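> The amino acid sequence is not available; the structure is as follows:
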């Protein structure tokens, strides 16, 4: 895991500043600059050493004939299997890294080689003979890649937007910033960015660049890789479990210490428990880390949102320690302004708790975590359960209603038709019908949020519930969270691996009927059934977990935090508006979590815009 940066066609190297990304790769750094008289190109790399720790794995990495130069951020988990395949084609390898596998795989097969890769990546492969570059990004956008088009047709790229700031005449919000601030989940899957002059390569795309021309093409669409799953639910569970455990096995490949950020919920617990299960049953391989037994949990003492006891239940069941990371935003390493600068994009929650957690993980000597991101979007998170009413029978509607209530109460109680029909009708009319109308608009070509997959035959064949999950996973929520967690972890030199984002598991899950995801009295039905005997039973059957939240409403009572917020909004020419926001909040007698989120969202635009000045101070 690393940071990549470079420019092509640019003779002035003033903007080429790899050290800006040193937090992403604190172990080593390197640059390659085209020899004098050759087409101008400069590539830089900051390395976080995970696989093949010696200097032979440093980048930029050159092919043996010197023609190709690769800078790569990410991991190819199935590099051992791909190496054997390439060796049969006559390639020889001198390092123990996945970087060398990607280099020669791309040389041999071009961008189509990515279809064989199981992992996460963003890269630039420079051909110094033809003066062309190939850029690639993984299927779901776990690793970022940004561009800035420069005068005279040259181009710069970097793993983070801040790596491109030195190339810009000024760092300013984009022309669409007001739209982005109102719709924080609607742009991450596109090329649009919040800083003027910067674009991104979208997830699942690759680009070729030659003498001033950047051509972008899509190489991955999950909808093209769906298939008919086993008809029996029991067979679906067995196959799902097999894929998930293999996804965990591949992601345990590392030459360093690994761990897990435990939230107390099912998803991270399943990941940690699967590692324990694989290790206990001898199902790891020769490149798997044996030092994986490290759990970390964000701890909010005396807060109703603290879930450390659930996380401790998991680690205790395997007789392993849990490190509780006490979160105190007023004593953080980062000021709010620097925290915003690190995460770059505006978001609806304070970044400090996540930055502090991964800082503690790094200080414990852990370079890699296997975390539970992606499961909510695969199954039934974020309140989309009522959409399942649309294709449900009468009895199924009663169960869906009971499941939906259990996510709030923690108890499952299925009522009779007469007592529940009014609630179902209310939820259906209030939540589902607008979405149905929106889907009708999609068919008519008038959607409120447009993306090309809406007209794909496989998408149109899905239920409304599955279409909502597809949008959450590929378009809105998950891409945004992946961006954020890349910044939270890489600001501290930590790599996050996500078994739920194994493309085999994603394709299989989106091929399943909705009843395999929601039913049997539970959300995440097939995950829970697949993890029976692996995840501790109280966590496996827990109903009320809603995500990793922080007690912002309690922290806002701190004078220190309020002063930090005030200092970020002093010079934004909106003093009266901010005073009104604070005054409304102070009038709330006992503010709750949603009150805290609401005032944060109102102050966010002012604070984010001020944070752009951090690099100029």
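Everything's here; your move. Since this is a predicted model, take the numbers as computed values, not measurements. Numbering: from 1, shown residues only.
> In contact with the nearest residue in space to residue 320 that is not next to it in sequence, which residues are there?
Excluding the flanking residues, the one nearest residue 320 by CB to CB, 6 or more residues apart in numbering is residue 293, at 4.9 Å. Backbone N, C-alpha and C define where each C-beta goes, glycine included. Residue 293 makes contact with 259, 276, 318, 320, 321, according to CB atoms under 8 Å, 6 or more residues apart in numbering.
> okay, now the domains of the protein?
2-220, 228-377+475-540, 383-464, 552-616 (automatic domain parsing).
> Columns mean pLDDT on top of those domains, output as CSV?
Formatted as CSV, the domains of the chain follow (pLDDT from 0 to 100):
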stretch, mean pLDDT
domain 2-220, 96
domain 228-377+475-540, 95
domain 383-464, 67
domain 552-616, 80
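> re earlier: can you tell me how far the residue nearest to residue 320 sits from residue 262?
Residue 293 is 12 Å from residue 262, where distance means CB to CB, to the nearest Å.
> all helices of the stretch 51-200 of the chain, in order?
79-88, 98-109, 177-182 (DSSP state H, counting those that start in this stretch).
> residues making contact with the longest one?
Spelled out, that is helix 98-109. 51-52, 57, 59, 61, 63, 68, 70, 72, 75-77, 79, 82-83, 86, 89, 91, 93-94, 113, 116-117, 119, 121, 123, 125, 134, 136.
> Helix or strand: which one has the residue nearest to residue 320?
Remark: residue 293 resides in no helix or strand, with elements defined by DSSP states H and E.
> Look at the residue nearest to the spatial centre of the chain and give its secondary structure.
Nearest residue to the geometric centre of the chain (CA atoms, centre = their mean): residue 482, 1.5 Å. Following DSSP: H, G, I helix; E, B strand; the rest coil, residue 482 is assigned to helix.
> Would you confirm that it contacts residue 137?
No: with contact defined as CB atoms under 8 Å, residue 482 does not reach residue 137; the gap is 11.3 Å.
> Return the residues in contact with the residue nearest to residue 187 when sequence neighbours are not counted.
Leaving aside its sequence neighbours, residue 187 sits nearest to residue 180 (CB to CB, 6+ apart; 5.6 Å). Counting by CB under 8 Å, 6+ apart, residue 180 touches 174, 186, 187, 192, 194, 346.
> What of residue 492?
Taking CB under 8 Å, 6+ apart, one finds 23, 355, 358, 359, 361, 362 in contact with residue 492.
> so which strand or helix has it?
Judged by DSSP H and E, residue 492 forms part of no helix or strand.
> Going forward, count from 748.
In the new numbering, first residue 748, that becomes residue 1239.
> Roughly how far does it sit from residue 885?
On the measure of CB to CB, residue 1239 and residue 885 end up 21 Å apart.
> And residue 1255, by the same measure?
Distance from residue 1255 to residue 885, by CB to CB: 18 Å.
> same question, residue 833
20 Å.
> So for these two, which residue has more residues nearby?
Each of residue 833 and residue 885 had its neighbours counted (other CB atoms under 10 Å), and the higher figure belongs to residue 885 (25 against 21).
> Neighbours of residue 898, how many?
Around residue 898 there are 8 other residues, counting by other CB under 10 Å.
> about what we covered before: which of the contacts of residue 1040 sits closest to residue 956?
residue 1006 (38.2 Å; CB to CB).
> Which elements pack onto the helix or strand where residue 1025 lies?
Residue 1025 is part of helix 1013-1027, with elements assigned from DSSP H and E. Here helix 1013-1027 touches helix 980-998, strand 1005-1008, helix 1055-1064, strand 1115-1117, helix 1122-1125, helix 1272-1277, helix 1284-1287, going by 3 or more CB pairs under 8 Å, 6 or more residues apart in numbering; DSSP states H and E.
> Same list (these) but as TSV, adding mean neighbour count.
Output for these, formatted as TSV (neighbours: other CB atoms under 10 Å):
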stretch	mean neighbour count
helix 980-998	19
strand 1005-1008	28
helix 1055-1064	19
strand 1115-1117	26
helix 1122-1125	26
helix 1272-1277	23
helix 1284-1287	17
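> Next, format those as a markdown table and append distance to residue 1152.
Below are the helices and strands packed on helix 1013-1027 laid out as a markdown table (distance: least, CB to CB, whole Å):
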| stretch | distance to residue 1152 |
| --- | --- |
| helix 980-998 | 24 |
| strand 1005-1008 | 29 |
| helix 1055-1064 | 21 |
| strand 1115-1117 | 32 |
| helix 1122-1125 | 18 |
| helix 1272-1277 | 17 |
| helix 1284-1287 | 20 |
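> Which of the ones you listed sits closest to residue 777?
The nearest among the helices and strands packed on helix 1013-1027, by CB to CB, is strand 1115-1117 at 21.5 Å.
> List the contacts of that closest one.
Residues from elsewhere that reach strand 1115-1117, judged by CB under 8 Å, 6+ apart: 748, 797, 995, 998-999, 1001, 1003-1008, 1018-1019, 1022, 1036, 1039, 1043, 1105, 1108, 1236, 1241-1246.
> Three-state assignment for residue 1162, please.
Applying three-state DSSP: residue 1162 is coil.
> Strands along the stretch 1148-1297 of the chain, start to end?
1242-1244, 1265-1266, 1269-1270 (DSSP state E, counting those that start in this stretch).
> For those, give me a markdown table that also has distance to residue 903 and mean neighbour count.
A markdown table is the format used below for these (distance: least, CB to CB, whole Å; neighbours: other CB atoms under 10 Å):
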| stretch | distance to residue 903 | mean neighbour count |
| --- | --- | --- |
| strand 1242-1244 | 24 | 25 |
| strand 1265-1266 | 46 | 23 |
| strand 1269-1270 | 44 | 23 |
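> Can you say which of the helices of the stretch 798-947 of the chain is packed in most?
Across the helices of the stretch 798-947 of the chain, averaging neighbours per residue (mean count of other CB atoms under 10 Å) puts helix 845-856 on top, at a mean of 22.
> That one vs helix 826-835, what angle?
40 degrees (axes from the mean of the first three to the mean of the last three CA atoms, to 10 degrees).
> can you tell me which residues contact the closest residue to residue 1214 other than its chain neighbours?
Leaving out its chain neighbours, the residue that sits closest to residue 1214 by CB to CB, 6+ apart is residue 1206, at 6.4 Å. By CB under 8 Å, 6+ apart, the contact set of residue 1206 is 970, 1200, 1214, 1217.
> Now do the last one, the pLDDT please.
When you say that, I think you mean residue 1217. Looking at residue 1217, its pLDDT stands at 94.
> Ok, the third one next?
Looking at residue 1214, its pLDDT stands at 90.
> before we move on, what about the first one?
In this model, residue 970 is scored at 98, pLDDT.
> Please settle this for me: is it part of a helix?
Yes: under three-state DSSP, residue 970 sits within a helix.
> if I look at it, how far off is residue 1202?
With CB to CB as the criterion, residue 970 and residue 1202 are 10 Å apart.
> So for these two, which sits in the more crowded spot?
Counted by other CB under 10 Å, residue 970 and residue 1202 do not tie: residue 970 has more neighbours, with 17 against 13.
> Can you name the residues that contact the more buried one?
Per CB under 8 Å, 6+ apart, neighbours of residue 970: 1200, 1203, 1205, 1206, 1257.
> Let's see that with 10 Å instead.
Contact analysis of residue 970 by CB atoms under 10 Å, 6 or more residues apart in numbering lists 1200, 1203, 1204, 1205, 1206, 1207, 1208, 1209, 1217, 1221, 1254, 1257.
> Confirm for me that the last one is in contact with residue 969.
Yes: counting by CB atoms under 10 Å, residue 1257 touches residue 969, with 6.1 Å between them.
> Find residues that contact each of those two.
1205, 1206, 1217, 1220, 1221.
> Could you tell me how far the residue lying closest to residue 973 once chain neighbours are set aside is located from residue 1057?
Spatially, and ignoring its direct neighbours in sequence, residue 973 is nearest to residue 1258 (4.6 Å; CB to CB, 6+ apart). According to CB to CB, residue 1258 and residue 1057 sit 31 Å apart.
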